[in-house]
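>>> sequence first, predicted model second:
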Amino acid sequence: MGPVRLRGTSIEKRYGRVAALRGIDFEIAPGEAVALLGANGAGKSSLLKILAGLSKPSHGQFGAFVDGGTPPLDRSSLRAAVGYVGHATLLYGELSARENLDFAARLYGQRANQERIDQVLEDFALANVADRRADTFSRGMAQRLAIARAVIHRPGLLLLDEPFTGLDELSAERLSEQLGRLRSEERDAEANGGTPSLVVVTHDPRRATELADRAILLHHGIIRATPSKQHAEEFTADALRSMLGEFAREASHAA
Amino acid sequence: MNVAWALLWKDLATEWRSRDRIVAMTVFSFLIIVVFQFAWPNMEPEQIAQLAPGILWVTYVFAAVIGLGRTFSTELENDAMTALALAPGNRGWIFLGKATATWVLITAVQAMAGLVFALFFRVDLTIGLSGTATIVALANVAICSVGTLLSAMSVRSRFREVLLPVLLIPTLIPVLAAAVTGTTATVAGEALALTTLQPLIVIGGIYFILCFLLFDFVLDE
């Protein structure tokens, strides 16, 4: 499936009386890489679940589109287009790395393609542990396998929820490089009809600038800023950190 | 359909490696049989014949509850339930794969428990064996259908250990009534009548279709 365009208008998400998102508007172009930044409780994970088709907005319109098509994808087609990595790895510990990828491919209705599985294992530096059970993996290896699992069906939209959490600096660096390479690989782009769109939730402004073309800064369920690479001075780790700090200070003054 | 096969393979492979459910169900069913043996140590063969269907089905249902309670335990570990919810297409196939794997495991445990029961109570279960096996297989369709749906509903609940049996057993009363009546006849050496199987086929079929259709909503938020 080709890269996905996402559009949300007046999106609200409520859990009982608590509002996680308060009427946000956004548009993510096909192939664009966007980082969602914000403090805990800003609404990042709620937004990501809506983008994945795992959750419906309480109010507002959300649509995902492929190939410039006008009718939005239905929820099943959206799920087929999504590669998702959540807070947990979504892996089965009793299965080997290869079996986890095989099972994931079958869930997406694809026949077991050993060539594709070998290629993804190679891309994520897991080929030498392909037949080892996933519950014997270190946190870094499990996280790489989780992302390998998310891309096995060549998604048009890759959604990553804090993929660097719990990783040491070296593992995080390695993962960041692998994600960057994944998006620049011509092989996948050709098979997909374009580079997949990417939305990554992170607390780390440095990772956001490495991976994304643009950032969406959320605070208390509202989009407060959308700095991009087009305005290079706004899109540095220090500038993003400073903006987040300012929002936090405003909130503590208001309280 | 591929999704159902994938889940069936995955559930049986993970169970083969961990043996979580099958060991728990087998030990539990053996213990129930031992307790009944202590309760009635010196029964006459006629009394055993009368009580056998009841003892067998009490054992089978409680062992099934143990197994069904852990149907989605492997999905809880790393939030693989979200991975299932993200699978495209009709989620009924996910239900079919999970329910079939549970059916295989529960039926295997019931076969072992039947053997142990026959040894402890000195009952000749070869009398009417094919009839009893047919009744068990059909009743298991209803047990595994409703059990898989309720297990998926309760798996994220704080009270899942209590919720599942409290919801499951009342739902299964018509199935159990038909199964016990049928088993009483087959153990006594009577031929298996179509009227005995009809309620199991009809109720099992209705439960299966309903659960297949409703599973889509269970995996939603």
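Right, received. Where do you want to start?
>>> what are the ranges of the helices in chain A?
According to DSSP state H, chain A carries its helices in the segments A:44-52, A:75-81, A:97-107, A:114-123, A:139-151, A:169-184, A:186-192, A:205-211, A:237-254.
>>> distance from the chain centre to the third one, please.
Between the centre of helix A:97-107 and the centre of its host chain there is 20 Å, according to CA atoms, centre = their mean, to the nearest Å.
>>> for it, which helices and strands make contact with it?
helix A:114-123, helix A:139-151, helix B:2-18, helix B:80-86 (3 or more CB pairs under 8 Å, 6 or more residues apart in numbering or on different chains; DSSP states H and E). Yep, even glycine has a C-beta here, placed from its N, CA and C like the rest.
>>> who in chain B is up against chain A?
B:2-3, B:5-6, B:9-10, B:13-14, B:17-18, B:74, B:77-80, B:82-90, B:221 (CB under 8 Å from any CB of the partner chain).
>>> who touches residue A:166 in this structure?
A:139, A:143 (CB atoms under 8 Å, 6 or more residues apart in numbering or on different chains).
>>> measure it to residue A:124 for me?
Residue A:166 sits at a distance of 17 Å from residue A:124 (criterion: CB to CB, to the nearest Å).
>>> same check on residue B:218?
Distance of residue B:218 to residue A:124, given as CB to CB: 32 Å.
>>> contact partners for the residue most central in space within chain B?
Closest residue to the average C-alpha location of chain B: residue B:64 at 4.2 Å, with CA atoms, centre = their mean. The contact partners of residue B:64, by CB under 8 Å, 6+ apart, come to B:25, B:106, B:140, B:143-144, B:147.
>>> rewinding a little: mind putting the helices and strands packed on helix A:97-107 into a markdown table with mean neighbour count, distance to residue A:73 and mean pLDDT?
As requested, the helices and strands packed on helix A:97-107 are exported to a markdown table (neighbours: other CB atoms under 10 Å in any protein chain shown; distance: least, CB to CB, whole Å; pLDDT from 0 to 100):
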| stretch | mean neighbour count | distance to residue A:73 | mean pLDDT |
| --- | --- | --- | --- |
| helix A:114-123 | 16 | 23 | 90 |
| helix A:139-151 | 22 | 18 | 91 |
| helix B:2-18 | 18 | 19 | 93 |
| helix B:80-86 | 21 | 14 | 91 |
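>>> where does the chain have low pLDDT?
Here I'm looking at chain A. Within chain A, the stretches with pLDDT under 70 are A:1, A:68-69, A:112, A:185-193, A:255.
>>> that's the wrong chain, I meant chain B
For chain B (pLDDT under 70), the answer is B:221.
>>> ranges for the helices of it?
Using DSSP H, helices in chain B cover B:2-18, B:20-39, B:45-69, B:73-77, B:80-86, B:92-121, B:129-154, B:160-171, B:173-187, B:194-219.
>>> tell me the residues of the stretch 51-200 of chain A that contact chain B?
Residues of the stretch 51-200 of chain A lying close to chain B (CB under 8 Å from any CB) are A:52-56, A:76-77, A:79-80, A:82, A:84, A:86-95, A:99, A:103-104, A:106-109, A:111, A:133, A:149.
>>> could I get the helices and strands packed on helix A:97-107 as TSV with distance to residue A:229?
Shown next, in TSV, are the helices and strands packed on helix A:97-107 (distance: least, CB to CB, whole Å):
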stretch	distance to residue A:229
helix A:114-123	25
helix A:139-151	23
helix B:2-18	40
helix B:80-86	30
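>>> what residues does residue 123 make contact with?
In the absence of a named chain, this looks at chain A. A:148, A:178, A:181-182, A:185.
>>> that's the wrong chain, I wanted chain B
So residue B:123 contacts B:48-49, B:52, B:117, B:187 (CB under 8 Å, 6+ apart).
>>> tell me the one of the residues you listed nearest residue A:209?
residue B:117 (67.8 Å; CB to CB).
>>> excluding chain neighbours, give the residue nearest to that closest one in space.
residue B:33 (5.3 Å; CB to CB, 6 or more residues apart in numbering or on different chains).
>>> doesn't residue B:116 make contact with that neighbour?
Yes. Here residue B:33 reaches residue B:116: they are 5.5 Å apart, a contact under CB atoms under 8 Å.
>>> so for those two, which sits in the more crowded spot?
Ranked by neighbour count (other CB atoms under 10 Å in any protein chain shown), residue B:33 and residue B:116 place residue B:33 first, with 21 against 17.
>>> list the contacts for the more buried one?
If you count contacts by CB under 8 Å, 6+ apart, then residue B:33 has B:55, B:59, B:113, B:116-117, B:120 around it.
>>> I'd like these laid out as a markdown table, including distance to residue A:252.
Below are those laid out as a markdown table (distance: CB to CB, whole Å):
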| residue | distance to residue A:252 |
| --- | --- |
| B:55 | 67 |
| B:59 | 62 |
| B:113 | 63 |
| B:116 | 66 |
| B:117 | 68 |
| B:120 | 70 |
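>>> return a ChimeraX selection command for the buried portion of the residues you listed.
This is the ChimeraX syntax for the buried subset of those, where burial follows 16 or more other CB atoms under 10 Å in any protein chain shown:
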select /B:55,59,113,116,117
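>>> narrow the contacts of residue A:123 to those that are buried.
Taking 16+ other CB under 10 Å as the criterion, what is buried in the contacts of residue A:123 is A:148, A:182.
>>> CA-only coordinates of stretch B:68-78 in PDB, if you can.
This file holds the C-alpha atoms of stretch B:68-78, laid out as PDB (Å, rounded to 0.1, in the frame of the first residue of the first chain):
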ATOM      1  CA  LEU B  68     -10.600 -20.400  29.000                       C
ATOM      2  CA  GLY B  69      -9.400 -18.000  31.700                       C
ATOM      3  CA  ARG B  70      -5.900 -18.200  30.200                       C
ATOM      4  CA  THR B  71      -7.000 -18.100  26.500                       C
ATOM      5  CA  PHE B  72      -5.600 -14.600  26.100                       C
ATOM      6  CA  SER B  73      -2.800 -14.800  28.700                       C
ATOM      7  CA  THR B  74      -0.100 -14.900  26.000                       C
ATOM      8  CA  GLU B  75      -1.700 -11.700  24.500                       C
ATOM      9  CA  LEU B  76      -1.500  -9.900  27.800                       C
ATOM     10  CA  GLU B  77       2.200 -10.400  28.200                       C
ATOM     11  CA  ASN B  78       3.500  -7.800  25.700                       C
END
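>>> could you list the buried residues of that stretch?
Buried-residue list, stretch B:68-78, by 16+ other CB under 10 Å: B:68-72, B:74-75, B:77-78.
>>> of those, closest to residue A:212?
Scanning those for proximity to residue A:212, where the rule is CB to CB, the winner is residue B:78, at 26.2 Å.
>>> any idea how far the closest one is from residue A:124?
From residue B:78 to residue A:124 the distance is 17 Å (CB to CB).
>>> could you do residue B:148 as well?
33 Å.
>>> go on, residue B:116?
Taken as CB to CB, the span from residue B:116 to residue A:124 is 48 Å.
>>> that concludes my questions; thank you for your assistance.
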